[in-house]
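test case, fold it:
(2 chains)
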Protein chains: 2
Amino acid sequence: MGATEDLARFIVETPAERIPQAVLHEGKRCFINYLSVALYAARDPSLDILLDVFKAEGGVRHASVIGAGTHTNLQNAALANGYLGHLEDYDDTHFPTVIHPSSPTLPAALAVGESIGASGRDVLTASVLGMEGCCRVGMAIHPYHYDEGWHITGTCGVFGAVGAAGRLAGLDTPRMVHALGVAGTQAAGVREVFGSMTKPFHPGRSAQSGILASLLAQRGFTSTTAILEGRRGFAAVYSSKSDLSRVADGIGERWELHMNGLKPYACGVVNHPLIDAMIAMRSRPGVTPQAVERVTAKVHHLVLELVNRQHPQVGLEGKFSYHHSMAVGLVDGSAFPAQYTDAKVKDPVITALRDRINATADPSLSEDQAEVTLTLKDGRSYTERVAHATGAPENPMTDAQLETKFRNLTRDVLPQAQAEELLARLWALEQVADIREIVALTRMRRRTHRK
Amino acid sequence: MGATEDLARFIVETPAERIPQAVLHEGKRCFINYLSVALYAARDPSLDILLDVFKAEGGVRHASVIGAGTHTNLQNAALANGYLGHLEDYDDTHFPTVIHPSSPTLPAALAVGESIGASGRDVLTASVLGMEGCCRVGMAIHPYHYDEGWHITGTCGVFGAVGAAGRLAGLDTPRMVHALGVAGTQAAGVREVFGSMTKPFHPGRSAQSGILASLLAQRGFTSTTAILEGRRGFAAVYSSKSDLSRVADGIGERWELHMNGLKPYACGVVNHPLIDAMIAMRSRPGVTPQAVERVTAKVHHLVLELVNRQHPQVGLEGKFSYHHSMAVGLVDGSAFPAQYTDAKVKDPVITALRDRINATADPSLSEDQAEVTLTLKDGRSYTERVAHATGAPENPMTDAQLETKFRNLTRDVLPQAQAEELLARLWALEQVADIREIVALTRMRRRTHRK
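Numbering: from 1, shown residues only, chains lettered A, B, ... in the order given. So this is what the prediction gives:
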């Protein structure tokens, strides 16, 4: 049996009751986190572009676009909801692979689930299994795949989406094998688009590709039966090296959701230890933005690869600037979406501070570590060492912190009582009789645009 | 100016009257060839799978599925029509890259053209420019990209599709740059799926991705402005080596459509010189299938890479079997779709002959060359050398041969008078006032399934 059949069998045949409670709890945290960022993002004017295309192309109204108050077909809903989940770069990160597993997977589960009135338990089960598959395929090709320029959330995301969609649609194992084939050969997304709307488009497109694969395979469409391990299959073509034993090794025993961190900051995850350090600097004597002479940081090499952008021009680019992320950490003490607006990246206090910040790679540091030294004009100097960034598996957001994030992000979007009911129902997702009850609670009375 | 902007400028700004008549003639040959194979393929039951998904997902009815008598939205029409163009592996081949440029590009042009009532001239122009861009992007990464496992028609096809769709939609150059970015980051398709329905799905999905990219960029969706040349862009990520100077070098002066061959046989193009040789063997004294002791062939190495499948189980696999293709060449004297049915690959005369055929690579041979030696049981032996396979640029199908192909493929599909009118109108495509006149002529009275 190859990796593809192993994965198909796991997704199709794992009984819901075999998934540990702690894993289901992480799954519910993913839903709370995902829906909070998607609801917040739904006020972004760029969503109108997608909605306008959907209007031009039409479709049945079987699934909801989160926060938009509109229904569309499964594929379009998944595309939009994947986009919304990742637009603020504020979703989650599977640390061993830097995959953001929720944004491609949960929209696929929600769209299929809503269309058939699936139970909360079934949607949660399908999502957990899909995300597990997505992360495990990623582990088989990480770090080579990402280092070679791929946006691993876009590529591996199709496996999460087809897993969740296919499980909910009731595919049998042979059809799931073909569905994985159709999904895997649609895997796409390069890192060159980072800093534009096309980055969050990736998980949206992955979610859509996964649903399309499931719809086709369900009806007997054929593909390869060895998309993962075939000589010209996914692992061989998308990565210079791979270890496919990681797909099935301990699957169903060790769960990758325990290595998935929810993001405390609305930007590329490699910025996070640097933001932690800058927020801590605020309590040191004499530290103000104007008093800073220079800031130097030792960082993991991916910081220089991914977020080395001293002069971002728009908010989306700010998310990929360690200079900007560190500056807002010191000036505002936070890195919420409000710190990554087009106006904020042009704020003179921020831009002046960005010019004084510089980072160098230190091979002894992992991705969730950093060391920052801040020197004041009067000569005083402070150093902060971050062992594990907030949100990393070793330093996760608590349930209470997640609730705070949820409330902050939904405050201007949903009436408070509705938001609280949504939150409470999500904590008890496995008891929800029909996922449409959850979807109904995400509906805004009137969509307003964020300034 | 980088390769991406060069390409965008070429597609958007080339005046129609600057395209040479000989190039437009090749473009019209592509339409005649593409529509004949798509009409033939539309009787395949597998199209029902796509149509059933379209029905489940819904959509406006702005564009036609060739031969199906149904309308759907632009993206779905392009998906289906790209599938139909390539299902029989009987479309065309740009020899320098082995891209099949018509199947991803023409469906995008037809869908957008039909939705806006574009003229035949505009659809032809957009198609020629799109195919030129598609082939030139391919030349920048060939042969590395294909050798590394990519189905180059799936990947580079997105550039043909977005070029044709965006030109017809009237994108300006800056928006075309972003459209190329959205399209390029969706490029996908691995060779592992060859021999299944997912191979022809590739150009369909490319056509759809190109239209989606055009629809988004038209409305202001942003992407990278350097999808081709960026450090983490298409060329760097999808190929171990590349030469992006080939995108713009001589563009608008040398035209790649002159290197595009229309297929005489309904199978992988590397089989074609072998089929030529076997058909020639039929006129040698004493040659019958039963009299053959053995057949040995010297071939280009891609034959062993792509079509080394001694025992195909279904018709689609037969297209990727040189054993089967050579056997039908000798037994039937042809390699039409009728030679690649599920029944034919199990025909005992064919299977017995397949067992006696063997090929070895000869580095002195190009892809359109072969040398075949056939030995009879009585000891007689014949050798055929093919310098350029039928359909290669040096040995192209004549216009008369193309008309015969068109008539053969449409005979059981369209009433003869309708087929003749369609053919005549396609030869004068630049004088057609509204492409919907052409589309109307592709409509079957009643779709029947091929046995």
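
got the domain ranges for chain A?
Here the domain parsing of chain A from automatic domain parsing is A:3-264+A:395-441, A:269-386.

mind checking how far A:Ala16 is from chain B?
To chain B, A:Ala16 is 26 Å away according to C-beta to the nearest C-beta, to the nearest Å. Glycine gets a C-beta too; all of them are placed from N, C-alpha and C.

er, A:Val372 I mean
Remark: distance between A:Val372 and chain B (C-beta to the nearest C-beta) = 27 Å.

how close does that residue get to A:Tyr340?
Remark: distance between A:Val372 and A:Tyr340 (C-beta to C-beta, to the nearest Å) = 20 Å.

just A:His151 next, same as before
Counting by C-beta to C-beta, the gap from A:His151 to A:Tyr340 is 19 Å.

go on, A:Arg443?
The value you get for A:Arg443 to A:Tyr340, if C-beta to C-beta is used, is 26 Å.

so what touches stretch A:296-303?
Residues outside stretch A:296-303 that contact it (C-beta atoms under 8 Å, 6 or more residues apart in numbering or on different chains) are A:270-271, A:273-274, A:277, A:322, A:326, A:357-363, A:365-367, A:369-373, A:375.

what mean pLDDT does that stretch have?
Averaging pLDDT along stretch A:296-303 gives 96.

that stretch: which residues count as buried?
Within stretch A:296-303, the residues scored as buried using 16 or more other C-beta atoms under 10 Å in any protein chain shown are A:Thr296, A:Ala297, A:Lys298, A:Val299, A:His300, A:Leu302, A:Val303.

can you count the residues close to A:Gly379?
Residues contacting A:Gly379 under the criterion other C-beta atoms under 10 Å in any protein chain shown number 7.

quick one: classify it as helix, strand or coil.
Secondary structure state of A:Gly379, per DSSP: H, G, I helix; E, B strand; the rest coil, is coil.

phi first, then psi, for it.
phi 100, psi -20 (degrees, to the nearest 10).

now do the helices in the stretch 1-150 of chain A.
Using DSSP state H, counting those that start in this stretch, the helices of the stretch 1-150 of chain A run over residues A:3-13, A:21-41, A:46-57, A:74-87, A:102-116, A:120-141, A:144-147.

say whether chain B is contacted by the longest one.
No: contact of helix A:120-141 with chain B (C-beta under 8 Å from any C-beta of the partner chain) is absent, the minimum separation being 13.4 Å.

C-alpha coordinates for that helix, PDB please?
The C-alpha atoms that make up helix A:120-141 are tabulated as PDB, following Å, rounded to 0.1, in the frame of the first residue of the first chain:
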ATOM      1  CA  GLY A 120     -21.300  19.900  13.700                       C
ATOM      2  CA  ARG A 121     -19.700  16.600  14.700                       C
ATOM      3  CA  ASP A 122     -19.300  15.500  11.100                       C
ATOM      4  CA  VAL A 123     -17.900  18.800   9.900                       C
ATOM      5  CA  LEU A 124     -15.500  18.900  12.800                       C
ATOM      6  CA  THR A 125     -14.400  15.300  12.200                       C
ATOM      7  CA  ALA A 126     -13.900  15.900   8.400                       C
ATOM      8  CA  SER A 127     -11.900  19.100   9.100                       C
ATOM      9  CA  VAL A 128      -9.600  17.500  11.700                       C
ATOM     10  CA  LEU A 129      -8.900  14.600   9.300                       C
ATOM     11  CA  GLY A 130      -8.400  16.900   6.400                       C
ATOM     12  CA  MET A 131      -6.000  19.100   8.300                       C
ATOM     13  CA  GLU A 132      -4.100  16.100   9.500                       C
ATOM     14  CA  GLY A 133      -3.600  14.900   5.900                       C
ATOM     15  CA  CYS A 134      -2.600  18.300   4.700                       C
ATOM     16  CA  CYS A 135       0.100  18.700   7.400                       C
ATOM     17  CA  ARG A 136       1.400  15.200   6.900                       C
ATOM     18  CA  VAL A 137       1.800  15.600   3.100                       C
ATOM     19  CA  GLY A 138       3.600  18.900   3.900                       C
ATOM     20  CA  MET A 139       5.900  17.100   6.400                       C
ATOM     21  CA  ALA A 140       7.000  14.700   3.600                       C
ATOM     22  CA  ILE A 141       8.400  17.500   1.500                       C
END
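
what residue ranges in chain A score low on pLDDT?
Counting by pLDDT under 70, chain A contains low-confidence ranges at A:450-451.

which bits of the stretch 51-200 of chain A sit near chain B?
Near chain B, when you scan the stretch 51-200 of chain A using C-beta under 8 Å from any C-beta, you find A:52-53, A:56-60, A:73-75, A:148-150, A:154, A:181-182, A:184-194, A:196-198.

tell me the spacing between the closest residue to A:Thr125 other than its chain neighbours and B:Met1.
Computed as C-beta to C-beta, 6 or more residues apart in numbering or on different chains, the closest residue to A:Thr125 that is not its neighbour in sequence is A:Ala16, at 4.4 Å. A:Ala16 sits 56 Å away from B:Met1, going by C-beta to C-beta.

likewise A:His142?
Counting by C-beta to C-beta, the gap from A:His142 to B:Met1 is 36 Å.

higher neighbour count, these two?
A count of neighbours by other C-beta under 10 Å puts A:His142 above the other of A:His142 and B:Met1, at 23 against 8.

report the contact partners of the closest residue in space to the more buried one that isn't next to it in sequence.
Nearest non-adjacent residue to A:His142, counting by C-beta to C-beta, 6+ apart: A:Thr97, 4.5 Å away. By C-beta under 8 Å, 6+ apart, A:Thr97 lies in contact with A:Cys135, A:Gly138, A:Met139, A:His142, A:Tyr146, A:Ile152, A:Cys156.

thinking again about what came up before, A:Arg443 and A:Tyr340: which has the busier surroundings?
Ranked by neighbour count (other C-beta under 10 Å), A:Arg443 and A:Tyr340 place A:Tyr340 first, with 27 against 16.

all strands of the stretch 351-451 of chain A, in order?
Secondary structure of the stretch 351-451 of chain A (DSSP state E, counting those that start in this stretch): strands at A:357-361, A:370-376, A:381-386.

Serialize those strands to JSON lines and add fields for mean neighbour count.
As requested, the strands of the stretch 351-451 of chain A are arranged in JSON lines below (neighbours: other C-beta atoms under 10 Å in any protein chain shown):
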{"stretch": "strand A:357-361", "mean neighbour count": "16"}
{"stretch": "strand A:370-376", "mean neighbour count": "22"}
{"stretch": "strand A:381-386", "mean neighbour count": "16"}
